[in-house]
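1. when you get a sec, could you give me coordinates for this:
(chains A, B and C)
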Amino acid sequence: MSIALYRVDDRLIHGQVVVGWGKPLNARFIVLVDDSVRSSDQEQELYRMGVPPDIEVVFASTAEARQRLSEWERDPRTGILVFGDIDTLAALAANGHGVSRVNVGGLHHRPGRSERLRYVYLSDGEAVKLKALAAQGVEVTAQDVPTTRPVPLEDFT
Amino acid sequence: MSPPAVLQVMLLVWGTLVGLDLVSVPQAMIARPIVAGPIAGAILGDVATGLQLGVLFELFQYDILPVGAVRYPEYGPATIAAVSAAHAGAGTLGFGLGAVVGLITAMAGGASLQVIRRLNTRAVHRAAAALETGEPRVLARLHIAGILRDAARAAVVTALGLALAQLARDYLVGTVWSRGRVLLSVAAVGVALAAGTAGTLRLVGRGPGLRWFAAGLVGGAAVVWLR
Amino acid sequence: MTTPARPPLGRSLLRLFTVQGSWNYERMQGIGMGVAEQPLIRDLDGNGTAYHAAVARAAHFFNAHPYLCGLAVGATARAEHDGVPPQQVERLRTALCGPLGALGDRLVWAGWLPLTSGLALIGVALGLGLWAIFGFLIVYNIGHVALRWWALRAGWAYGGQVATALREPVLQRAATLSAPAMALVAGVALPLVVHYLTGGFLSWTRAVLAVVAAGGFVLLRWQRARLTGLRFGLVLLALAALIGWFWQ
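-> Numbering: from 1, shown residues only, chains lettered A, B, ... in the order given. Sure, this is the predicted structure:
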């Protein structure tokens, strides 16, 4: 079934991912791509605690994710890939890697960012990067949970 | 017939507490329709209608994806308003009247939550520099203002719902044709069952939970049959 | 290191019951978290610079399950007392957001709450009346208050090592069992609720009701991103009123 959802979310794995998307997609594995979490055993343990035991959690750095993306895409199980920022997304999508659609699920307030949707705050630089990805053929939409309508990129950048 | 003013005030106070419980204080689940409705019924001396509307709106509540920070309608004060409306059109026919009033109130309640969150956001944004000084009084002031805003919001939503109930009692009860009232009630119960089942299945998922759900269905059906 | 012998956990717990009172899109639960953490860090550095800096940090962006916020409040307050560097305290808060949200949503919103409210529905359908409602409130809130209290105490006890607290066997077992228990109770409740709500309808209306419920279910499943129970309900009620108007 491969990766059913590529999601940018600065809270990484939380309720919207596990219950909101995980249940209807019947996700059997979640890949968390984050360099800081990858280097911290304690943080990895925290994220594992939030996920039911029958769902595998894989932790990867950005570099590891780029190498293993095709492997996860071939996995017969349904998976979700989560990362915390647009730079990681850009790195994964670079050089023709197989990211064709991206869900912007939650990027919250930080100095320099302004509100685009109630759950999406972006700096101008981040908005430009998303548009550049769209120009490369990546379908970018914002949608926090499956029970809401996906918002096209042009409506929030 | 309208409830006496003292009962209307009691419903307004109950609705305010229920609305406050949903998000702000203390999330003890008196905001669930299954609680808000029967207590409203008890206030009006009509527990049976309160229970019926409580069950009906609890099914609508199951339609909401229960995860943090999402948008949703507010069914607590809505159920209180629904009970107030249905109290006049007793029996099964009360479902339709109650649902009309309750669903409109729920929509208004959901929208009002967004307004409050926007007002809170604006207040927090304005106080950003003061918050960085770490002065506890700034925090306390913002927090208490947020709670008071939500209490006022809950009171306004409940008042709106009770006003709608009053209109329904004055203009619909007795003038709405019996077939129309039956159809309204059929629509209300049908949609509630559809929404409750769809929402529950979304929560159960397609994994092993589905087998437990099926086993429960068989057990529940057996109990119905045996009764 | 200024760890108080008897931290005012009770006061912090009371404030945690209001943790979402000032919920906003910018800091989400941040302000409420700061208000709840403040009693625990009050005697930090004699109310000086460290104290104010810690209060400011405590009010930064945060969002997790409200019943488990105490874990982050306790853990960060303890870390502040233990002299953990500010950046690490911030990192701890950030790292707790997602896991506490995921665990709480699974355990409470998708487990304990629908499980106990499903039991209340069963109770009402079986004729227990208000007793079913009071039973629900008592049973649900025993779990609710116990979870809030455990979270705050565990956070304070473990500080930066808070992952150890989440390994608590009772918590893990509850998280594992809540989903199947909820599914079973929801399954039992559904036929009983159908029987309870449709008991007063005549035979032909029951047939119409079955069509509405089945059709509505399919529609809501099919159009889940566009159609909600509320919208569908309002449209169908308007339609029913219109048909009733012409069919007098």
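
2. where does chain B dip in pLDDT?
-> Scanning chain B for pLDDT under 70 picks out the ranges B:1, B:66, B:68-70, B:88-93, B:173-178.

3. okay, helices next: where are they in it?
-> B:5-23, B:33-43, B:47-62, B:75-86, B:94-126, B:128-132, B:136-171, B:178-204, B:209-226 (DSSP state H).

4. closest to the centroid, which residue in chain B?
-> Nearest residue to the geometric centre of chain B (CA atoms, centre = their mean): residue B:75, 1.6 Å.

5. let me see the ranges of the strands in chain A.
-> A:2-9, A:29-33, A:56-60, A:78-83, A:101-106, A:114-117, A:120-122, A:139-142, A:151-152 (DSSP state E).

6. those strands into a markdown table, with extra columns for mean pLDDT, distance to residue B:162 and mean neighbour count?
-> Quick note: C-beta positions are derived from backbone N, CA and C, even for glycine. Shown next, in a markdown table, are those (pLDDT from 0 to 100; distance: least, CB to CB, whole Å; neighbours: other CB atoms under 10 Å in any protein chain shown):
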| stretch | mean pLDDT | distance to residue B:162 | mean neighbour count |
| --- | --- | --- | --- |
| strand A:2-9 | 93 | 40 | 21 |
| strand A:29-33 | 96 | 46 | 24 |
| strand A:56-60 | 96 | 49 | 18 |
| strand A:78-83 | 95 | 44 | 23 |
| strand A:101-106 | 93 | 37 | 22 |
| strand A:114-117 | 92 | 34 | 16 |
| strand A:120-122 | 94 | 37 | 22 |
| strand A:139-142 | 94 | 37 | 20 |
| strand A:151-152 | 94 | 36 | 15 |
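
7. as a markdown table, these with distance to chain B would be great.
-> A markdown table is the format used below for the strands of chain A (distance: least, CB to the nearest CB, whole Å):
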| stretch | distance to chain B |
| --- | --- |
| strand A:2-9 | 11 |
| strand A:29-33 | 13 |
| strand A:56-60 | 14 |
| strand A:78-83 | 10 |
| strand A:101-106 | 8 |
| strand A:114-117 | 8 |
| strand A:120-122 | 11 |
| strand A:139-142 | 13 |
| strand A:151-152 | 13 |
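
8. the ones you listed: which one's closest to residue C:44?
-> strand A:120-122 (31.0 Å; CB to CB).

9. can you name every helix or strand that the closest one contacts?
-> Packing partners of strand A:120-122 (3 or more CB pairs under 8 Å, 6 or more residues apart in numbering or on different chains; DSSP states H and E): strand A:114-117.

10. re the thing from before, just the helices of chain B: most buried one?
-> Highest mean neighbour count among these (mean count of other CB atoms under 10 Å in any protein chain shown): helix B:75-86, with a mean of 35.

11. please name the nearest non-neighbouring residue to residue 83.
-> All of this refers to chain A. Spatial nearest neighbour of residue A:83, excluding adjacent residues (CB to CB, 6 or more residues apart in numbering or on different chains): residue A:33 at 4.2 Å.

12. could you do chain B instead?
-> residue B:40 (4.2 Å).

13. contacting residues around the one you found?
-> B:11, B:14-15, B:50, B:79-80, B:83-84 (CB atoms under 8 Å, 6 or more residues apart in numbering or on different chains).

14. any idea of the pLDDT on residue C:228?
-> Predicted confidence (pLDDT) at residue C:228: the value is 89.

15. picking up where we left off before, quick one: closest of the helices of chain B to residue C:86.
-> Nearest of the helices of chain B to residue C:86, taken as CB to CB: helix B:128-132 at 12.9 Å.

16. that closest one close to chain A?
-> No: counting by CB under 8 Å from any CB of the partner chain, chain A has no neighbours in helix B:128-132; the shortest distance is 9.1 Å.

17. can you list contacts of that helix?
-> Residues from elsewhere that reach helix B:128-132 (CB under 8 Å, 6+ apart): B:124, B:138-139, B:142, C:31, C:56, C:59.

18. now with 10 Å?
-> A:109, A:111, B:124-125, B:137-139, B:141-142, C:26-27, C:30-31, C:34, C:52-53, C:55-57, C:59-60 (CB atoms under 10 Å, 6 or more residues apart in numbering or on different chains).

19. quick one on the thing from earlier: can you put the strands of chain A in JSON lines and add distance to residue C:223?
-> JSON lines is the format used below for these (distance: least, CB to CB, whole Å):
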{"stretch": "strand A:2-9", "distance to residue C:223": "19"}
{"stretch": "strand A:29-33", "distance to residue C:223": "27"}
{"stretch": "strand A:56-60", "distance to residue C:223": "32"}
{"stretch": "strand A:78-83", "distance to residue C:223": "22"}
{"stretch": "strand A:101-106", "distance to residue C:223": "19"}
{"stretch": "strand A:114-117", "distance to residue C:223": "21"}
{"stretch": "strand A:120-122", "distance to residue C:223": "24"}
{"stretch": "strand A:139-142", "distance to residue C:223": "17"}
{"stretch": "strand A:151-152", "distance to residue C:223": "17"}
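
20. give me the nearest residue to residue 144, chain neighbours excluded.
-> Let's take chain A. Nearest residue to residue A:144 in three dimensions, chain neighbours excluded: residue A:119, at 5.0 Å (CB to CB, 6+ apart).

21. sorry, should have said chain C
-> In space, and not counting its chain neighbours, residue C:144 is closest to residue C:67: 6.3 Å by CB to CB, 6+ apart.

22. that neighbour against residue C:111, yeah?
-> No: Residue C:67 lies out of contact with residue C:111 (CB atoms under 10 Å); the separation is 11.7 Å.

23. what sits in contact with each of these two?
-> Common contacts of residue C:67 and residue C:111, defined by CB under 10 Å, 6+ apart, comprise C:104, C:143.

24. burial count for residue C:238?
-> Neighbours of residue C:238 under the rule other CB atoms under 10 Å in any protein chain shown: 13.

25. do the same with residue C:164
-> By other CB under 10 Å, neighbour count at residue C:164 equals 14.

26. quickly find the element holding it.
-> If you go by DSSP states H and E, residue C:164 is part of helix C:162-166.

27. just checking, which helix or strand succeeds that helix along the chain?
-> helix C:169-198.

28. chain center to the helix or strand just after that next one, what's the gap?
-> Once helix C:169-198 ends, the next helix or strand along the chain (criterion: DSSP H and E) is helix C:203-222. Helix C:203-222 sits 31 Å away from the centroid of its parent chain (CA atoms, centre = their mean, to the nearest Å).

29. same thing with stretch B:11-28?
-> Mean-position distance between stretch B:11-28 and its chain equals 10 Å (CA atoms, centre = their mean).

30. for stretch A:145-157, same thing?
-> 15 Å.

31. can you pull the contacts of the closest residue to residue B:188 other than its chain neighbours?
-> Using CB to CB, 6+ apart and skipping the chain neighbours, the partner closest in space to residue B:188 is residue B:99 (3.4 Å). Listed by CB under 10 Å, 6+ apart, the contact set of residue B:99 reads B:53, B:56-57, B:60, B:78, B:82, B:85-86, B:106, B:184-185, B:187-189, B:191-192, C:233-234, C:236-237, C:240.

32. now do the contacts for residue 15.
-> You didn't pick a chain, so chain A it is. Residues in contact with residue A:15, defined by CB under 10 Å, 6+ apart, are A:22, A:50, A:145, B:65-70, C:63-65, C:98, C:100-106, C:108-110.

33. actually, chain C is the one I wanted.
-> By CB under 10 Å, 6+ apart, the neighbours of residue C:15 are B:140, B:143, C:21, C:32-40, C:70, C:73.
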